[in-house]
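Participant: turn this into a model:
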Amino acid sequence: MITPEISKLKWSLILVLVSISLVKFKPSLHRTRLSSTQIQNLTLTEPQTRSVSDPVINQEQQQERTRNTYIVRFVEYKKAEDHRNYLEQNVKLDGWEWIERRNPAAKFPTDFGLVSIDDSIRAVLIEEFGKLERVKDVSVDSSYKRSLLGKKTKRVGAFVDGKKRPGKIFTAMSFSEGESYVGLVTTNSTINWKRHLMMQRSQITSLFGADVLWAKGYTGSKVKMAIFDTGIRANHPHFRNIKERTNWTNEDTLNDNLGHGTFVAGVIAGQDAECLGFAPDTEIYAFRVFTDAQLIAEKVWELTANNIIMVSAIGNDGPLYGTLNNPADQNDVIGVGGIDYSDHIASFSSRGMSTWEIPHGYGRVKPDIVAYGREIMGSKISTGCKSLSGTSVASPVVAGVVCLLVSVIPEGNRKDILNLASMKQALVEGAAKLSGPNMYEQGAGRVDLLESYEILKSYQPRASIFPGVLDYTDCPYSWPFCRQPLYAGAMPVIFNATILNGMGVIGYVESPPTWHPSDEEGNLLSIHFTYSDVIWPWTGYLALHMQIKEEGAQFSGEIEGNVTVDITSPPARGEKGPRSSTCVLHLKLKVVPTPPRSKRLLWDQFHSIKYPPGYIPRDSLDVRNDILDWHGDHLHTNFHIMFNMLSDAGYYVETLGSPLTCFDARQYGTLLLVDPEDEYFTEEIEKLRDDIINTGLGLAVFAEWYNVDTMVKMRFFDDNTRSWWTPVTGGGNIPALNDLLAPFGIAFGDKILNGDFSIDGEQSRYASGTNIVKFPGGGYVHSFSLLDTSESGATQNILSSGMAKAASAILGLLEVSGGRIAVYGDSNCLDSSHMVTNCFWLLKKILDFTSRNIKDPVLFSDSVRQDRPLYQDDNQLPSRRTDVNFSSYSSVVGKELICRSDARFEVWGTKGYGLQVRGRNRRLPGYPVIDLGTVETSNLKKSNLIENNKDDSLGNKYLGLLYRDDLPLDVPVLAAGHWLIPAVVAISGILLLFSFWRIRQKRRRRRKGSGSGRFANL
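Facilitator: Numbers count the residues shown, from 1 in each chain. Next up, the predicted model:
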C-alpha cells in the first residue's frame, strides 16, 4: 500500500513532464501563404451580443467595436509628423487614421506611431503597411488602461449619475481600447479583483503580434508538434491537422479524459475564433503519457539530439526558489516560466537557480524565458473554450510561438538553420527584459515574437553565451551578484553560463577562454574557467570562478571587460572546413576593499546532500504535502531571504563547497553550519577544533531533527520508479554533527520538538527541531516546554493520556578559549521553503556573539548559565542507520578529501590549509605542514577518534598531548600552536651544527699540534 506521502511525489512528477512540447519540422518546396480571407478567419471578432438593459447602441460605441489601435514600428527615428506624412502618402486605402500622441515625449523623434484600423479591412491594411520600406512591422496595441470597478453607468470619477458611489474607490488594469466594468462596489458587496482582458482578453496571440506573421503567410505549415500530455480527441473541431495519436499509459484509450492535453494543443494550434492558437497549420502528434491516476513517462530529453526542439513548463512550485522541474531545468530544453498581464512573475511560477550543480558548484539561469500564464484561453475536451493558469499554460504559448517562428524559415533551409540552440538564441536574445524580477525569476525576460522573428529571418549558424552579460550594477536583475561586491581574499564567486551552439549538435571549446579587461584595473581580477569538454547536444556550460588578487585589497570601483571563448563544430553537409564562432560574455563587476573579519561569514554548502538521487526528508514534518528536501539548501535558493537580510545587516556571506579544511579561518568571523546532512572527514573535525581554539573562529550551528524510528516510518513504495524509497538521514545528520562538536562537549538528541516559545518578547515557532543533550558547564542554555512528536515521544504521550510537554534545551552559547560557539536545534526559521516564523532576530544576536563577542543581556542572563554540564552517555546519543548505504549519496564516506574548484585558487587539488599529503600536494606559503597520513571518514564515535588518530604520525601524537582531551572544556586550557614541532626540529639542528663545529675545532687543534712537533724535530 502506498503511504499518503506518495501523492505529492506523483504530482510533482506530473509537473515535471506536463506540457512538454516537441517541435519537429520537415522540409518542403513551397511556403504556404494565406489569402486575406483566410487571415481574417484566424482573427477574433467581437461577439455581437447586446445587454437587455442596453437596447440602444449609439454610433460611437459601434465604432469602438469595429476599430482597434495598432503600433506601426519604423526602421529609423523621425518626428511623428514625418512618419504620419509618409504613411498618408504611400497608403491610399481608407479605413485607418493616425492617432496623435499628446504627451511630453511627442516632440522628440520616435520609431513608432499609433494608428486606428477598421477591422473589416485590417488584414489588407496591415499587409500594405508591411510592404513599405520604412515600416519595420505592425502589431496590436496591448497597452494598459486603468478603469474604475463598476458597471456601465454615466459617471465622473467617484460619482454615479451625479451621486458619489458608496464605499471605497478601486481601480483596475485592463488590456482594452474600450471601457468595461466589473460589478458595482458597495460597502457590503463582494469585491471582484479578477483582472480581465477586455475586448481581446482571450486572444493571447494578439498580445504577441501573431497576426503580423499570419499576414505574411506564416501559420506553422509543415511543422511537426509533439505534445506529451493527457491526449486529444481525434475529431476535435478546433484542430485541422491531428496527424497521430499515441497512448503510453496503461489505460485503453487515446482520448483526453482530463482536458489538459486538449487545452495545450488549443493554445498552440487551435483555430476556433474564441481561443485562437499561434500556429493553426501545425501538425499535431499527441502522446498520451498522463492519466488521472498514474504517470508513465519516458526520458524524452534525449530527443533533442535528433533536432527536436523541446519546450517545457518550469513548474508551479513558486514563489519558492530552487524549485525548477525537470526536464525544463536542462540546458537543451526551453524552460518557460509564467507571468501575469501586469508583467509580474506569477506567484505559482517556479524560481531558479538550477540545483543539479550544487553543493559543489553553482546553478544556471533558469527559466530561459517567461510568457503569459494566467487566465489563458484554450480548447475544451470536446468543443468550446475555457481559461486556465499555470506554467503548463505558459509553455504552450511559447511552443505556439516556436511553431510560428519555424515557419518563418524557408522550408528548404530549415534543416540547416533550425535547431534547439538557434531557436533558443532567437527567443532569449529577442526577449523583453522585465523591470523588477531577477534573472532566476524571468530568465531572459518575456518572449517577444516579433523581435525573435527579426533575429531568425537573417540568422546564420553561430555559438553564443546565455546570459551574455553579468552586470553588478544592474539590480535587481543581476541578483544575487549585485547584492554583494567582489573583494580580495574571498572565496571564488562562480557564475555558470550556458553555451548555445547553433552550428551543430556537437561542438568543442577550441582553446581555453580568455579574460580581456577594458582597463588596467581589470588586471586585479583573476578568473579560472571550467567548461564542457564536449558541447552536446547543442549546449554546454561555461563557469567563471572569479577572485580579486591580493594587490586589490584596498581597491574600490568597477572592473569591466569581456570573456571570449572559441567554439568549433564539424562542417555541415557540403562544407569543406569546420564551423567556428567566438562567444563573448561581458562583465561589469563591483569591487570593494576587503571587509573586516567580523563582517565576513562563511556558509558551509559542502555538507548538504542534494536531491536526487537520495531521499532527503523535509525539515518540517508538519508539511504533509512536500515529503522531500529538494530546494538545494543554498544561500540563493531556499535561504535567499536570509541572505538578503544578512546583506542588509552589513555582512558579507561567502560559500564553501569544499571540505572544512579548504578555508583560512583567520579571514572569517563565523562559520555557518545550517541543516548539515553529510558526514565529516577526520581532518575536518581536527581543523575546526584548532580553528576555534587557536584562531578565534566563531561557529553557529542550526541543526535539524534526527530520529531513526521516524525515518523508518517514512519509507514508501514509488509506483513510478517501482522501488522503495527510504530516508538516508533525518532532516539533518545528527550523529555526524555530534562527532564534529564532540571536542567541545556538545551533542544533540533524537527528539522531534514542536511548539511556540518567546525570548525577550520575540515569538518563535520551533518546527520539528531537535534537543541539546550535552553541553559544558559555564555555558548558557535556554530550555522551553515543547511537544516531542517523535515515535518514542508519541508513545509517551499515549501513556500519559495527553500531549505532555517537557522542558527541552534548544539553544546553547559557549566561549571556548579564543572562539565562541552557538548551537540551535532548528533551521526552519531560516529556510524560506516552509517557514512559519523567522528567527532572523536570533541569528543577528548569535552573530554579534560569535563574530564580535557582543553578548545580548537576555541570551546571557545569569538565569540560563549552566553551573553544571548537561550530560548524556555516548551510547545513548543518536546512532547512524545500518541499513542504508550512505556512501552512495555522501561526498565524504568512501571519498577522497580534496579542495574543489569552488575553494581559493591556491588550494585547488590539495587537502587544504595546514594539511600536506606525501607525494601529492604542494606546500602552501605561509601555512605549517602537518602530515596526517591517509584520509579517513568520521564514522567512528569521537571517543575513539582522537585515540585512533594519535598513532597516525608523530605530529599527531604531539598534537594529542597538547590538546589535552582529558580535561573538561569549562576548565581553562592553554593550547599550544603548531610551532612546537618545528621549534624542536630547529633546536635539534642548532645543537647538531654546534656539535659539528666542536668536532671541527678539535681536529684543527690536533693538526696544529702535530705540525709544531715536526718543525721542532727539523
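Participant: so how far is residue 204 from residue 123?
Facilitator: Using Cβ to Cβ, to the nearest Å, we find residue 123 at a distance of 19 Å from residue 204. Heads up, the C-betas are built off the backbone N, CA and C, glycines and all.
Participant: and for the nearest residue to residue 506 once chain neighbours are set aside, the neighbour number?
Facilitator: Using Cβ to Cβ, 6 or more residues apart in numbering and skipping residues adjacent in sequence, the residue nearest residue 506 is residue 536, 4.8 Å away. As a burial measure, residue 536 scores 17 neighbours (other Cβ atoms under 10 Å).
Participant: same deal with residue 991?
Facilitator: 10.
Participant: likewise for residue 555?
Facilitator: Residue 555: 18 surrounding residues under other Cβ under 10 Å.
Participant: wait, isn't it in contact with residue 548?
Facilitator: Yes - between residue 555 and residue 548 there is a contact under Cβ atoms under 8 Å: 7.3 Å.
Participant: give me the common contacts of those two.
Facilitator: Each of 488, 524, 591 lies in contact with both residue 555 and residue 548 under the rule Cβ atoms under 8 Å, 6 or more residues apart in numbering.
Participant: of those residues, closest to residue 474?
Facilitator: residue 591 (16.0 Å; Cβ to Cβ).
Participant: OK, contacts around the closest one?
Facilitator: Per Cβ under 8 Å, 6+ apart, neighbours of residue 591: 485, 486, 487, 524, 525, 548, 552, 555, 556, 557, 558, 559.
Participant: neighbour count winner among residue 123 and residue 204?
Facilitator: When residue 123 and residue 204 are compared for neighbours, residue 204 comes out ahead with 27 against 23, by other Cβ under 10 Å.
Participant: before we move on, the earlier item: among the contacts of residue 591, which are in strands?
Facilitator: 525, 548, 557, 558, 559 (DSSP state E).
Participant: bridged to the first one, which residues?
Facilitator: I take that to be residue 525. Beta-bridge pairing of residue 525 under DSSP bridges involves residue 548.
Participant: how far away is it from residue 563?
Facilitator: From residue 525 across to residue 563, the span is 10 Å (Cβ to Cβ).
Participant: mutual contacts of these two, please.
Facilitator: Contacts common to residue 525 and residue 563, judged by Cβ under 8 Å, 6+ apart, are residue 515.
Participant: please name the nearest non-neighbouring residue to residue 317.
Facilitator: Residue 317 sits nearest to residue 323 (Cβ to Cβ, 6+ apart), 3.6 Å away.
Participant: er, residue 833 I mean
Facilitator: residue 638 (4.5 Å).
Participant: so how far is residue 204 from residue 232?
Facilitator: 19 Å.
Participant: apologies, that question was intended for residue 442.
Facilitator: Look at residue 442 and residue 204: by Cβ to Cβ, they are 18 Å apart.
Participant: neighbours around residue 599, how many?
Facilitator: For residue 599, the count of nearby residues is 19 (other Cβ under 10 Å).
Participant: list the contacts for it?
Facilitator: Per Cβ under 8 Å, 6+ apart, neighbours of residue 599: 650, 651, 652, 669, 851.
Participant: pLDDT value on the second one, please?
Facilitator: The pLDDT attached to residue 651 in the predicted structure is 98.
Participant: hmm, it is touching residue 601, no?
Facilitator: Yes - using Cβ under 8 Å, residue 651 is in contact with residue 601, at 5.4 Å.
Participant: overlap in contacts of the two?
Facilitator: The contact sets of residue 651 and residue 601 overlap at residue 847 (Cβ under 8 Å, 6+ apart).
Participant: break down the stretch 701-850 of the chain into its helices, ranges please.
Facilitator: Counting by DSSP state H, counting those that start in this stretch, the stretch 701-850 of the chain has helices at residues 708-713, 734-741, 791-799, 840-852.
Participant: in stretch 545-563, which residues are buried?
Facilitator: 545, 546, 547, 548, 552, 555, 558, 559, 560, 561, 563 (16 or more other Cβ atoms under 10 Å).
Participant: looking at those, spot the one nearest residue 88.
Facilitator: residue 560 (46.7 Å).
Participant: enumerate the beta-bridge partners assigned to that closest one.
Facilitator: residue 588.
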